[in-house]
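# The following block contains a protein sequence and its predicted model.
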Amino acid sequence: MASPLTATTEHTDLNVASAAANFEATAVGGRVFPCVVFKQGSRTMVSTSFPYSFIARNVVTNSALKGESPRESQNRPLMPEHAKSIKEYVVANASDYILPPVTLAVTEHPSLHVVGAPGAAIRMGFMVVDDTVPFTVTDGQHRIAGLVGYPSGRSTAPGALDAVPGLSKDGMAVLIVIETDRIRIQQDFADAAQTKQIPPSLLAVYNTREPVNRVLSQITTKARLFKGRIDESSKTLPKASQHVFLLNQVRGFVKEMLFGDYAMSEDSLTKQTAQRLATGDKQEEFINDTLTMLEVLTEHMEPWSTIARIQPGTGVANQIPDFRATYINMTATGLNIIGRMGYEIGKEPSAELRRDRYAALATKIDWRRDAPLWKGTIISAENKIATQRGPVNAAAARVREALGF
């Protein structure tokens with residue numbers, strides 16, 4: 001039985017529902033999509049997936065223009081650079097990518113053939129859609145633009161569908177909200193945007209497409225000092241923590257080892273590591289060189305050598321917070337200086353001389369916080385450790401001079 005208000009027909013059997021949906025689609029020249037129908041509040045929602053070829057034809061955006069009021073449009077102004085980055089990601093990883101679902105709105109209630117009681121929270125079924133029905137984007141316009149194309153100057157830049165043969169056969173999950181009120185659709189966009197950005201430490205764990213994160217993973221799991229002693233999820237290290245560093249602090253050390261700049265921008269890092277760590281062999285070489293340096297330092301430098309002999313998670317490991325308060329090389333700034341020296345030493349072609357210089361870095365530098373070497377550079381008059389580029393560069397220059405480089 002169909003209701004004119006809901007355009008939903010209930011069936012007692014999934015096969016009967018499928019047959020009815022296909023019969024209707026044949027009669028009206030429409031398409032059938034398997035779906036799940038459910039309620040959120042008082043509104044009907046439909047969850048399904050659309051092939052990219054259908055999205056390119058039937059999903060439209062209504063982006064606000066810069067300088068004009070966004071209230072008259074469903075979508076915020078489109079950012080071409082954001083759409084371009086999505087396109088480049090899909091093109092570069094066409095056989096191994098993921099695009100999250102998008103939220104769409106439709107002003108006409110699609111014909112739904114469902115199985116289950118009318119009051120059921122979730123019902124399986126089939127949606128019949130006329131190919132002339134437009135779906136508008138509530139959330140995800142940049143994903144759509146990255147696929148089908150986006151503004152570029154006075155023209156339109158091609159999307160990933162134009163660049164990758166056969167990509168149009170792929171599909172994307174969609175959540176369809178049956179809604180006619182533009183203001184409510186705009187509110188849906190604001191509601192859907194209630195997300196929290198991934199902390200840099202977690203991004204460093206999960207985003208191993210970035211070569212710097214891939215080598216970082218190997219270094220943190222293989223280095224004797226780091227194994228089991230890196231906090232991979234926190235933004236800041238609690239004072240009483242038995243961990244030696246945050247993962248993002250070790251990432252800064254890796255950036256120093258690679259390019260001599262822990263604070264370089266992510267865009268610059270991505271471009272430069274694409275060349276510096278372009279192949280598996282180059283990545284393996286960098287990992288081995290870094291592990292060699294860390295092993296020499298761990299063997300000869302206090303308090304690293306003491307910490308390496310302590311079993312993680314034991315009561316003895318409670319010494320680590322005390323070491324952190326006493327030694328520069330137990331701070332992010334000290335780790336960056338060590339990385340800077342590693343970058344300089346790495347220019348030496350002789351492996352034997354590199355090891356000698358790592359040993360000198362471990363034994364000839366006084367890494368205690370109250371050592372005169374650090375006064376006036378990274379240690380302020382208030383006895384606080386500076387993290388800015390200038391003080392770090394000045395301290396690194398003093399270390400280089402003390403080692404006779």
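Thanks, I have the structure now. Given the structure is predicted, the values throughout are model-derived calculations rather than measurements.

# quick one: pLDDT of Gly41?
In this prediction, Gly41 carries a pLDDT score of 88.

# ok, it - how many residues close by?
Residues lying near Gly41 (other CB atoms under 10 Å) number 6. Using the backbone N, CA and C atoms, a C-beta is placed for each residue, glycine as well.

# measure it to Ala190 for me?
From Gly41 across to Ala190, the span is 16 Å (CB to CB, to the nearest Å).

# next one: Thr61
Thr61 sits 17 Å away from Ala190, going by CB to CB.

# just Ala64 next, same as before
To Ala190, Ala64 is 14 Å away according to CB to CB.

# The two: which has the busier surroundings?
Ala64 (16 against 10).

# Quote the end-to-end distance of stretch 236-246.
By CA to CA, to the nearest Å, the extent of stretch 236-246 from end to end equals 7 Å.

# mind listing what's buried in that stretch?
Burial within stretch 236-246, assessed by neighbour count using 16 or more other CB atoms under 10 Å, is assigned to Leu237, Ser241, Gln242, His243, Val244, Phe245, Leu246.

# Stretch 219-230 now?
Of the residues in stretch 219-230, those scored as buried under the neighbour-count criterion (16+ other CB under 10 Å) are Ile219, Thr220, Ala223, Arg224, Leu225, Phe226, Arg229, Ile230.

# Restricted to strands, list those residues.
Within these, residues falling in strands by DSSP state E are Ile230.

# Pipe the buried residues of stretch 219-230 into a markdown table and attach pLDDT and distance to Arg309 per row.
Written out in a markdown table, the entries for those read as follows (pLDDT from 0 to 100; distance: CB to CB, whole Å):
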| residue | pLDDT | distance to Arg309 |
| --- | --- | --- |
| Ile219 | 96 | 20 |
| Thr220 | 94 | 19 |
| Ala223 | 97 | 15 |
| Arg224 | 96 | 10 |
| Leu225 | 97 | 11 |
| Phe226 | 96 | 15 |
| Arg229 | 95 | 12 |
| Ile230 | 94 | 18 |
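
# Out of the buried residues of stretch 219-230, which is nearest to Phe286?
Within these, proximity to Phe286 (CB to CB) peaks at Ile219, which comes in at 9.0 Å.

# Okay, now the unreliable bits of the protein?
Flagging of the chain using pLDDT under 70 yields the residue ranges 1-6, 66-75, 118, 193-206.

# Domains of it: list them as residue ranges, please.
2-192, 200-403 (automatic domain parsing).

# Might one say that Phe253 is in contact with Tyr262?
Yes - at 7.2 Å, Phe253 and Tyr262 qualify as touching, with contact defined as CB atoms under 8 Å.

# what about the helices in the stretch 101-250 of the chain?
Counting by DSSP state H, counting those that start in this stretch, the segments of the stretch 101-250 of the chain that form helices are 141-148, 160-163, 182-192, 200-206, 211-222, 247-259.

# how far off helix 182-192 does the first one point, in degrees?
Translated: helix 141-148. Orientation check (axes from the mean of the first three to the mean of the last three CA atoms, to 10 degrees): helix 141-148 against helix 182-192 gives 90 degrees.
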